[in-house]
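S.K.: Return atomic coordinates for the entry below.
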Amino acid sequence: MTNKLTPIDPRQALDMWVDRQKAEKSEDTVQSYFYRVRQFVDWLDEDGITNLNQLSGRDVFRYDSSRRSDGLSKSALNNQLGTIKLFLEFCADIEAVPPELPAKVDVPTLSKAERANEEKLSAQRADTIIEALEKYEYASRDHLLFALGWHTGARLGALRSLDLRDCYLVEDDLQRLAHQDDLDPEQLEAVDLPFLYFRHRPESDTPLKNKGEGERPVGLSDEIGELLQEYIEVSRFDVEDDHGRKPLFSSQKGTGRMSKGAIRSRFNIITQPCRYGVCPHDRDPDDCEAREHGYESRCPSARSPHRIRTGSITNHRDEGWPPEVLAERVNATPEVIRTHYDQPDLLKRMESRRSYLE
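M.R.: Reported below is the predicted structural model:
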């Protein structure tokens, strides 16, 4: 069978595969794929395998064993080995490895509980954080960032992508929408304010994860709309980014738009319990390393933007939002919501079903 294969260096195959992924996946996903497969390619290089035609099922088994011996969690193994399998399927398509080789990658099967990361932010903690922000930092950038993240369930990249022109708060804003999307007056009459409109703008450094399919208007409550208006008028840094756009979450540093790292850091800081009360981990805030710049994520209670999204989607479901309706709001399929984000408060979920008893 090997005489039917075409010789190719593993790194060359990796480059070809990554180029293919760039046309179909988000930048963050491609980067994650690259790092996982690069580890595999580095291992092959150390093992003296410079031609993928030489790769055997026994080699795949040895790599699998080496990853398991590193103490990775079952979920991490699922991600890493699953990506290796995708890469080898591509290699089989280009006749670099035998067609039966990808099936020899033993990807751990995860239960729903294992697939769903339990580190979501709870609704109770979110309420506590919002109350503290309203009391001590009303209409600040941190206040709006967290409130929008929790209220909309948007991804980090989507929050970062927002411009002032994407905020529709008063009637005059609808004329801008009509001009941009070529809408007639009858269509506008059916639109209620306030809302945000997430747009995919890869040419100016703010792509959405699902590209054009990620574009969507998202309705806001009147309370969040008022907060958004006050933030714009009082707290927002009045700057443009390097592309001449006016970011909603602006910064006086760098490009003028908050970076993903900066937004991730702010969420980690905002969700540290000691910022608004007593540390639940018996640490002294004056000596805690998680209070130092750059180390905020080391707080056991700190939550990343993705965990805020997970908690938000779960809370929406607990409040009775059907997956099919919620899917359009948060730009995820109903199946993904049920599998990865739906970690219910069972008592709240029961109460949300009571209306059906009538």
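
S.K.: State the three-state secondary structure for residue 255.
M.R.: Residue 255 falls in the coil class when you classify it by DSSP: H, G, I helix; E, B strand; the rest coil.

S.K.: list the contacts for it?
M.R.: 205, 241-242 (CB atoms under 8 Å, 6 or more residues apart in numbering). (Each C-beta comes from the backbone N, C-alpha and C, glycine too.)

S.K.: Now list the buried members of those.
M.R.: Among these, the ones that count as buried by 16 or more other CB atoms under 10 Å are residue 241.

S.K.: Including distance to residue 315, pLDDT and secondary structure, could the contacts of residue 255 go into TSV?
M.R.: TSV is the format used below for the contacts of residue 255 (distance: CB to CB, whole Å; pLDDT from 0 to 100; DSSP: H, G, I helix; E, B strand; the rest coil):
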residue	distance to residue 315	pLDDT	secondary structure
205	31	95	coil
241	32	97	coil
242	36	95	coil
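
S.K.: Can you add distance to residue 8 and give the contacts of residue 255 back as CSV?
M.R.: Listed next are these as CSV, based on distance: CB to CB, whole Å:
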residue, distance to residue 8
205, 34
241, 41
242, 39
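
S.K.: Now flag whichever of the contacts of residue 255 is closest to residue 331.
M.R.: Checking the contacts of residue 255 against residue 331 with CB to CB, the nearest one is residue 205 at 19.3 Å.

S.K.: how far away is residue 62 from residue 39?
M.R.: Using CB to CB, to the nearest Å, residue 62 is found at 14 Å from residue 39.

S.K.: Ok, residue 178 next?
M.R.: Residue 178 is 51 Å from residue 39, by CB to CB.

S.K.: after the lowest-mean-pLDDT helix or strand in the chain, next one along is what?
M.R.: Lowest by mean pLDDT, DSSP states H and E among the helices and strands of the chain is helix 112-115, with a mean of 61. Using DSSP states H and E, the helix or strand that follows helix 112-115 in sequence is helix 123-136.

S.K.: Tell me who's in contact with the residue nearest to residue 208 when sequence neighbours are not counted.
M.R.: Excluding the flanking residues, the one nearest residue 208 by CB to CB, 6 or more residues apart in numbering is residue 214, at 3.4 Å. The contact partners of residue 214, by CB under 8 Å, 6+ apart, come to 158, 198, 200, 208, 331.

S.K.: Make JSON lines from those and add distance to residue 124, neighbour count and secondary structure to it.
M.R.: JSON lines is the format used below for these (distance: CB to CB, whole Å; neighbours: other CB atoms under 10 Å; DSSP: H, G, I helix; E, B strand; the rest coil):
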{"residue": "158", "distance to residue 124": "25", "neighbour count": "29", "secondary structure": "helix"}
{"residue": "198", "distance to residue 124": "28", "neighbour count": "21", "secondary structure": "strand"}
{"residue": "200", "distance to residue 124": "34", "neighbour count": "17", "secondary structure": "coil"}
{"residue": "208", "distance to residue 124": "30", "neighbour count": "22", "secondary structure": "coil"}
{"residue": "331", "distance to residue 124": "26", "neighbour count": "21", "secondary structure": "coil"}
